[in-house]
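# how does the following fold in three dimensions:
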Amino acid sequence: MRVGLLRAVGAATAVYGAAVTAWPALLAKPSGLVDQDGRTAPDTRTSLRPLAWRDAASGLALVLAPEGAALRTAAWLRIAADLGDAVLLGTTLPRATRAKAVAVSVGWGALSVAALCAGREDTDAQEAGSD
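Numbers count the residues shown, from 1 in each chain. All right, here's what the predicted structure looks like:
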C-alpha cells in the first residue's frame, strides 16, 4: 500500500469536495448541469452539495486514518464512491459531458486502487515474517 499516494488522493478529494460544497458550479459546469446562460439552478446546487460533502469527508478519512485496516477501509470507501459516480453519472448526465465525467471518476478510483495495491507483496511478506 502506498500510504503517501492514498493520503495525496485524500487531500485532493477533500479540498475539491469542500470547494464544490461552497461553489457547486465547479462540478455543475463541466458536467453540463447548467442552463443556457451557464448558471446552476438552485435545485442542482442543492443536489450537488451532499455529493461534494461526501467527497470531502471520505477524502479527509484517507488523510487521517491510521495505517493498516482503517486506511484500507477508507480507500475502499473512496473507490466505491468513485465507481458509483462513474455508473450513475454515466447513465444520467447529458451525452455531451458523460464520457468526461466517467473518465474522471474511473481515473480517481483507479489511482486509489493502484495506491492500495502497490507494495502489497512487500507488506504481506513483512506481516508474514512478524508471525
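# for Leu48, what are its contacts?
Taking C-beta atoms under 8 Å, 6 or more residues apart in numbering, we find Leu48 in contact with 20, 24, 27-28, 33, 40. Bear in mind the C-beta positions are built from the backbone N, C-alpha and C, glycine included.
# redo the residues you listed as TSV? Include neighbour count.
As requested, the contacts of Leu48 are arranged in TSV below (neighbours: other C-beta atoms under 10 Å):
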residue	neighbour count
Val20	21
Pro24	22
Leu27	23
Ala28	21
Leu33	20
Thr40	20
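# which of these fall within strands?
Per DSSP state E, strands hold no members of those.
# among the residues you listed, which two are most distant?
Val20 and Leu33 (11.7 Å; C-beta to C-beta).
# in this structure, which residue is most central in space?
Asp82 (4.9 Å; C-alpha atoms, centre = their mean).
# go ahead and confirm it touches Trp108.
Yes: proximity of Asp82 to Trp108 meets the contact threshold set by C-beta atoms under 8 Å, at 4.9 Å.
# coming back round to it: overlap of the contact sets of Val20 and Leu33?
Taking C-beta under 8 Å, 6+ apart as the contact rule, Val20 and Leu33 both touch 27, 48.
# lowest-pLDDT helix or strand in this protein?
Between all helices and strands in the chain, the lowest mean by mean pLDDT, DSSP states H and E belongs to helix 120-129, at a mean of 51.
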